[in-house]
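Novice: What would the 3D arrangement of this be:
(chains A and B)
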Amino acid sequence: MKYYDIIGRMRQDNALFSVLLELTYRCNLDCFICYNDRELAGKPLSLDQYYRLMDDLRDMQVLNLTLSGGEPLAHADFWKIGARGRQLGFVMRIKSNGHALRPDVVQRLQAEIDPYIIEISLHGASAETHDRQTRIPGSFDRLKKNLKNMQEAGLRVQLNCPLTRWAEPEIEEMYDFADKLGCKLSFDPHISPRDDGDRSPQSIAPTDEGLRQLYRLQMERGFLVESNCGSDAKKSPAGDYKHCGTGATTLTVDPYGTVFPCVSLRRPTGSLYETSISEIWHGSTSLQEVRELSIAAAKNASSLGARQGTAGFCPGISDMVCGDPTVVHAGVHRVARLQQECLDK
Amino acid sequence: MVHVRQISIREDHYLTLDGQPFRVMNTVKLHSYIRWRKVGNEGVVLNQDEGEVLVLNELGVRIVELFEQGLSLDLLHARLLAEYDVDATVLDTDINRYIDELIKANVVVWEPCDVA
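Specialist: Below you'll find the predicted structure:
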């Protein structure tokens, strides 16, 4: 059996495979498009609770464990949690803004956590554009230095750019930037509202012209578009009766122990203060509802035709934008149309 | 106790020490860059160094599980013989073939071992 067949089967069978831990919403940058609800209050999970959670996830045969945030390195127990994850045999992934990843930190990261990949956010190819979005002067120059060092240290780095209208004039330069570093660069054309419902980040969503430029460059590079959903299951050709892995192969845990089907779909399915992750996975009725919604979403997504797998339809964003995760919202249709235009040309 | 630095082939089961033959308890261990999990009866293995993914069948999963527990080749053979309704020679061939595949895929490596 091939890998993608297994991923497809896991999605069908609801086999948890990838978990993302939002360790903290604290951050050393102040991105305008950040989706975190930084005003959210609660009692953060303790180190013992994280250890228990990771033990349970290991027993559930979860392979991928992502440490995210906010900025995950801003969590007081980041190193202990990461080291325990490595010890338990997870494929450790880290999502960071890269600001704190100085040479000594990178060295420690390799020695203590040994991550498979570090995903870094990039917001432009110039200090003016990147810093405008992060709202921290000097953040681009510092990131550049840190990225160079990470590459020299042999870390596998992927750059992720949530495309904004501020950054869209620099798409080509960002590709060049990534090429010089030998990193993969992935663009997300969909800017989501904040988790508290604030839609102001969408005010700088990319323009049609910006997206045309993106797809034109991607075609020149031999691929039209990228799949931006974090779940590997999306790429599976088999068993695609669910739209994506949300709640079927993935879970996200926020800093206060609330469990969500994925990072985008913010429908609480349980709390680690009340029950174990295993009980939530097997017994949560809201999680079961999400799995059924994912089936309905897949049916609706078929209206995108050939662009179904590339237009970036995310039930989580649809839920935020129109209150229904099964609806293919207008932004997805726009992306699909622009992609098709580029292909037709 | 004699420490054998490296056993590169399984045929070296018997070595000579002061003219006396003795049995080497070969072990195989997972590379440090290997991460894996069981998915139903199968296994998904990621080679972190190369970014390659490998899928193991049921026998492969069991072999990797037992190697992870530090079992020698002999003990692994005995354990699988007890677990599966299979001829010992056939099992031996299957195990050897599987180990060869895992070595080629950089999943496991022969481990220096202590011998009695």
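Novice: which residues sit in contact with A:Asp198?
Specialist: A:Asp198 makes no contacts at all, as judged by CB atoms under 8 Å, 6 or more residues apart in numbering or on different chains. No exception for glycine: its C-beta is placed from N, CA and C like everyone else's.
Novice: where's it relative to chain B, distance?
Specialist: 37 Å (CB to the nearest CB, to the nearest Å).
Novice: is it fair to say that residue lies in a strand?
Specialist: No: using DSSP: H, G, I helix; E, B strand; the rest coil, the assignment for A:Asp198 is coil, not a strand.
Novice: Residues of chain A that sit close to chain B?
Specialist: Taking CB under 8 Å from any CB of the partner chain as the contact definition, chain A meets chain B at A:1-3, A:6, A:9-10, A:13, A:15, A:17, A:61-63, A:89-91, A:114, A:116, A:156.
Novice: Just the buried residues of the residues you listed.
Specialist: Buried residues within those, counting neighbours by 16 or more other CB atoms under 10 Å in any protein chain shown: A:3, A:6, A:9-10, A:15, A:17, A:61-63, A:89-91, A:114, A:116, A:156.
Novice: Export stretch A:193-210 to PDB, keeping only CA atoms.
Specialist: Extracted C-alpha coordinates of stretch A:193-210, given in PDB (Å, rounded to 0.1, in the frame of the first residue of the first chain):
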ATOM      1  CA  PRO A 193     -10.300  36.600   9.800                       C
ATOM      2  CA  ARG A 194      -9.000  36.600  13.300                       C
ATOM      3  CA  ASP A 195     -10.300  33.800  15.600                       C
ATOM      4  CA  ASP A 196     -12.300  36.400  17.500                       C
ATOM      5  CA  GLY A 197     -14.200  37.200  14.300                       C
ATOM      6  CA  ASP A 198     -12.300  40.400  13.500                       C
ATOM      7  CA  ARG A 199     -12.100  40.700   9.700                       C
ATOM      8  CA  SER A 200      -9.600  43.500   9.500                       C
ATOM      9  CA  PRO A 201      -6.800  41.200   8.200                       C
ATOM     10  CA  GLN A 202      -8.900  40.600   5.100                       C
ATOM     11  CA  SER A 203      -8.600  44.300   4.200                       C
ATOM     12  CA  ILE A 204      -5.200  43.500   2.800                       C
ATOM     13  CA  ALA A 205      -6.200  40.300   1.000                       C
ATOM     14  CA  PRO A 206      -4.400  40.000  -2.400                       C
ATOM     15  CA  THR A 207      -5.900  41.700  -5.500                       C
ATOM     16  CA  ASP A 208      -6.900  39.800  -8.600                       C
ATOM     17  CA  GLU A 209      -3.900  41.200 -10.300                       C
ATOM     18  CA  GLY A 210      -1.700  39.900  -7.500                       C
END
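Novice: Any regions of chain B where pLDDT drops low?
Specialist: Where chain B drops to pLDDT under 70, the residues are B:1-26, B:112-116.
Novice: mind listing the helices in chain B by residue range?
Specialist: B:58-68, B:73-83, B:88-104 (DSSP state H).
Novice: The closest residue in space to A:Pro201 that isn't next to it in sequence and chain B: what is the separation?
Specialist: Among residues not flanking A:Pro201 along the chain, A:Ile33 sits closest, at 4.0 Å (CB to CB, 6 or more residues apart in numbering or on different chains). For A:Ile33, the distance to chain B equals 29 Å [CB to the nearest CB].
Novice: Surely A:Ile33 forms part of a strand?
Specialist: No: A:Ile33 is assigned coil when assessed by three-state DSSP, not a strand.
Novice: That one contacts A:Thr164, correct?
Specialist: Yes: in this structure A:Ile33 lies within contact range of A:Thr164 using CB atoms under 8 Å: 6.3 Å.
Novice: who touches the spatially most central residue of chain B in this structure?
Specialist: The residue lying closest to the centre of chain B (CA atoms, centre = their mean) is B:Val28, at 4.1 Å. Neighbouring residues of B:Val28 by CB under 8 Å, 6+ apart: B:Phe67, B:Leu73, B:Ile99, B:Leu102, B:Val108, B:Val109, B:Trp110, B:Glu111.
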